[in-house]
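Enquirer: make a model of this:
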Amino acid sequence: MTLDEIQAKLEAGVEGSTVTMEGDGCNCSTLVVSPIFEGMSLLARQRMVLATVRENIDSGELHALSIKARTPAENS
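Expert: This next block holds a predicted model:
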């Protein structure tokens, strides 16, 4: 799975998000910025992001994903 594919999937799965990716296709990190995270705990944010790529992790296409999930205010 390429970084572009992961990025597109995350952007489609997290409403109003801007996604930045780093790493290789199997082990990567992401910064997901979305206003939808407002009022959510860090754990809830990570669960939301992981849910969008869960099938890719379960299938082995994606081995590890480090997640930073922030609101636009937290990212400025």
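Enquirer: where along the protein do the helices fall?
Expert: Using DSSP state H, the helices of the chain run over 3-13, 42-59, 72-75.
Enquirer: of those helices, which approaches residue 20 most closely?
Expert: Between residue 20 and the helices of the chain, the shortest gap by CB to CB is with helix 3-13, which sits at 8.0 Å. All C-beta atoms are positioned from the backbone trio N, CA, C, and that covers glycine.
Enquirer: who does the closest one touch, helix- and strand-wise?
Expert: In this structure, helix 3-13 makes packing contacts with strand 18-23, strand 27-33, helix 42-59, judged by 3 or more CB pairs under 8 Å, 6 or more residues apart in numbering; DSSP states H and E.
Enquirer: returning to that earlier point: for the helices of the chain, which one ends up most surrounded?
Expert: Neighbour counts (mean count of other CB atoms under 10 Å) averaged over each of the helices of the chain peak at helix 3-13, with a mean of 16.
Enquirer: and that helix, how far from the chain's centre?
Expert: In terms of CA atoms, centre = their mean, to the nearest Å, the centre of helix 3-13 is found 8 Å from the chain centre.
Enquirer: ditto for stretch 61-69
Expert: That offset, for stretch 61-69, works out to 7 Å (CA atoms, centre = their mean).
Enquirer: can you list the neighbours in contact with that stretch?
Expert: 1, 6, 25-34, 37, 42, 45-46, 48-50, 53, 56-57 (CB atoms under 8 Å, 6 or more residues apart in numbering).
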